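> show me the folded form of this:
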Amino acid sequence: MPAKQEPNIGINYGWVAGESGINLQLDENWKAIGALLQLSVISKTNDVPTTPADGDRYIVPSGATGIWSGYDGKVARYNEDVWELYTPLKGWLAYIEDEVIDGQYQFFDGTSWVPAPIDTASQVVYDNRVSGLSAVEVQSAIDELASQPGSGGSVTSVNTLTGDVILDKTSIGLPNVRDVASYSMVEANNVFQSRLVANLVWDGVSDTYSREGVTSGVTPIHEAMRRCVMDDTGAVVYYLDSNDSTKKADGSPADLAGTDGQVMVEIPKFYVKISTLFNGQVKREISEFPQSGFVVHPAFAIGGTLQHDPTVDMWHYVDNTDERAVTYIGAYQASVYSDTGATYLDGLNLDDNDVNVNTVTDKLASVSGKYPMVGLTRDQFRTLAVNRGNGWSQWAFWQLQAVKLLFFIECGTFDGQTALVQGVVTVDGGYPASSTSQLDSPHSVSGKSNPLGNTYGGVDSSTRDVGYLSYRGIENLWGNAWQWCDGWNIYDHQYHVCNDATLFVDDTTTNYGTIGIPTPVVDGYIRHVQHQTLADIAADTGGSSSTAFADYLYQNSGWRVALVGGRTTSGSIAGPSCVNVSASSGSRGRAFSGRLARI
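Numbers count the residues shown, from 1 in each chain. Modelled structure (predicted):
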């Protein structure tokens, strides 16, 4: 006899070698497997049939008579003139051939057989986040199915906030919801896969661009970038209208002047892969969900060790402990809220704004209708950001790199001024001497991009306070004023970066990771970069304003801190890749501003 019996369907096992009677127990095993594998029963309502055939299976109905009496809910299989009875366990699933009302798929809930939701509900919620599709994409796929000959009508609704798709089998005109869910998960994945992963291929020799397998660089990641108003706790008070930031998403008026909170741009997490192809071309790819060979973009990595990972040939945070779902960047170049005066301050035209700003109590801000704060060091901007509360910081190295990568892939080029507009980089008169008059400053006031909402565009002008640009809600990503960028220290041309805002400090490598090799020691237009750093760190500066990255690198030796983007007089040197790492930690000026962030 067997020593043991497994608990699920009673399979016997554990015989002693040579034990007699083993054949009888093995017969029971095979019969149980045959009876319960791929369980499909004729009925769960019929009583004992009078002329069963071998292999017929039933679920014994409540109140059964005769030989089935007292075996309610058990699985009965007829075999060799005998009814074999099996006790179901919780979770068993059965297909019931004659069931058309309660659903042909039913499962045992531990007490009785009940309809399985996949087949019987008039509506079912499909969590498309599992497959990586956005709600809008699944809706589109289902609408395509519904429009086919023989199907009826349209689908009910999509919850674009939660990502759930509500499918109504009656409006589709299909036999059951299972067909629709199957279509949305399989066919829609095939149809819309190209939207979930986008790429840009650059030939560094010919300086030309192409895409592999896709025609557009726009992904759901780009479309999910959106402006919002955020309170000091980090809670989103409300999202703004996608095409007009003066309105809330519900169409009612929005407050962008700071009463309701700071105006920020929400950027969702994404994954990245940068690889060198066999022909020497470099391919940049982003994905909405994890894939083989991809890593989470460092802007969203929490913890880990920054290093080159030979398994993917990229620099990233290896063994990161967690991932951020989103990161936030100020929609506008920073102003300052005066705690004492209870008002938002303009930057004026001062090289040194210490007399107007209290770094103990004042706060860095991102509001509409204010001129960029200037005349403060990077450390002072950092302190003002932290004063806003836990989680706030000045925008940082990896946030900038994430935005640049999204821009490059969407626009199909590294040359931002060609793809968008020049920006506020050619203002007549430039910077007069330092003064307390805002009219002396060539900067544009924040909020000119509000009518664009989350889209992009801008106006070029040589007239003061007229021009602006915006990319996906980020106003003046380059130009207007140089912007301090944090989490980024440079010593003798070697970059050291950090992904933890609580550890940002100048002139140190402590808690910072070294990345790539030193940059060139000569100023110039960036021609080639260290692609595998995921940060486009300059490799040579032999380019021009119309080739490759088309933006400028300023450098110096010793300890340096980073300014990015360019200013109102930068002209062609400005752009998303423009970097000035010639300033020291004590530097300040009437052309140096910053940007609020929440990492």
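> please compute how far the lengthiest strand in the chain lies from its chain's middle.
Longest strand of the chain, by residue count under DSSP state E: strand 482-491. In this view, strand 482-491 has its centroid 24 Å away from the chain centroid, taken as C-alpha atoms, centre = their mean, to the nearest Å.
> now for it, which elements pack on it?
helix 378-386, strand 392-394, helix 397-411, strand 494-497, strand 559-564, strand 592-593 (3 or more C-beta pairs under 8 Å, 6 or more residues apart in numbering; DSSP states H and E). C-beta here means a position set from N, CA and C on the backbone, and glycine is covered the same way.
> pull the CA atoms of that strand into PDB?
The C-alpha coordinates for strand 482-491 follow below in PDB (Å, rounded to 0.1, in the frame of the first residue of the first chain):
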ATOM      1  CA  TRP A 482      20.900  79.800 -17.100                       C
ATOM      2  CA  GLN A 483      19.500  77.300 -14.700                       C
ATOM      3  CA  TRP A 484      21.400  75.700 -11.800                       C
ATOM      4  CA  CYS A 485      21.200  72.000 -12.000                       C
ATOM      5  CA  ASP A 486      21.800  70.000  -8.800                       C
ATOM      6  CA  GLY A 487      23.000  66.500  -7.900                       C
ATOM      7  CA  TRP A 488      26.000  67.100 -10.200                       C
ATOM      8  CA  ASN A 489      29.500  68.000  -9.100                       C
ATOM      9  CA  ILE A 490      32.500  68.200 -11.400                       C
ATOM     10  CA  TYR A 491      36.200  68.000 -10.500                       C
END
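> hey, what's the angle from it to helix 397-411? Just curious.
Angle between the axes of strand 482-491 and helix 397-411 is 120 degrees (criterion: axes from the mean of the first three to the mean of the last three C-alpha atoms, to 10 degrees).
> now the angle from strand 482-491 to strand 559-564?
150 degrees.
> for strand 482-491, which outside residues touch it?
The contact list for strand 482-491 (C-beta atoms under 8 Å, 6 or more residues apart in numbering) reads 333, 378, 381-382, 393-398, 400, 495-499, 501, 504, 506-509, 512, 558-567, 580-581, 591-595.
> filter those residues to the buried ones?
Neighbour counting over those (16 or more other C-beta atoms under 10 Å) leaves 333, 378, 381-382, 393-398, 400, 495-499, 501, 504, 506, 512, 560-567, 580-581, 591-595 as the buried ones.
> ends of stretch 560-572, how far apart?
24 Å (C-alpha to C-alpha, to the nearest Å).
> could you do stretch 252-261 as well?
16 Å.
> so who does the nearest residue to residue 222 once chain neighbours are set aside touch?
Leaving aside its sequence neighbours, residue 222 sits nearest to residue 410 (C-beta to C-beta, 6 or more residues apart in numbering; 5.5 Å). Residue 410 is in contact with 198, 217-218, 222, counting by C-beta under 8 Å, 6+ apart.
> same deal with residue 533?
Residue 533 neighbours (C-beta under 8 Å, 6+ apart): 314-315, 515-516.
> check what pLDDT it gets.
For residue 533, the pLDDT comes out at 98.
> also residue 326?
97.
> skip the chain neighbours and tell me the closest residue to the residue most central in space within the chain.
By C-alpha atoms, centre = their mean, the mean C-alpha position of the chain lies nearest to residue 269, the distance being 2.6 Å. Nearest residue to residue 269 in three dimensions, chain neighbours excluded: residue 300, at 4.4 Å (C-beta to C-beta, 6+ apart).
> how far away is the one you found from residue 234?
16 Å (C-beta to C-beta, to the nearest Å).
> quick one: which of those two has more around it?
residue 300 (25 against 15; other C-beta atoms under 10 Å).
> residues in contact with the more buried one?
269-270, 323-325, 327, 402.
> show the pLDDT at it.
Looking at residue 300, its pLDDT is 98.
> from residue 399, how far off is it?
Residue 300 is 10 Å from residue 399, by C-beta to C-beta.
> equivalent analysis for residue 39, please.
On the measure of C-beta to C-beta, residue 39 and residue 399 end up 54 Å apart.
> tell me which of these two has more neighbours.
Applying other C-beta under 10 Å to residue 39 and residue 399 shows that residue 399 carries more neighbours, namely 27 against 17.
> tell me who's in contact with residue 256.
229, 245-246, 263, 367-369, 447, 450.
> just checking, which of the residues you listed belong to strands?
Per DSSP E, these map to strands at 229, 245-246, 263.
> by neighbours, which of those residues wins?
residue 263 (29 neighbours).
> so that residue touches residue 367, yeah?
Yes: Residue 263 is within contact range of residue 367, at 6.1 Å (criterion: C-beta atoms under 8 Å).
> got the confidence number for residue 197?
Residue 197 is given a pLDDT of 87.
> bridged to it, which residues?
Note on residue 197: beta-bridge partners by DSSP bridges are residue 287.
> all set, thanks.
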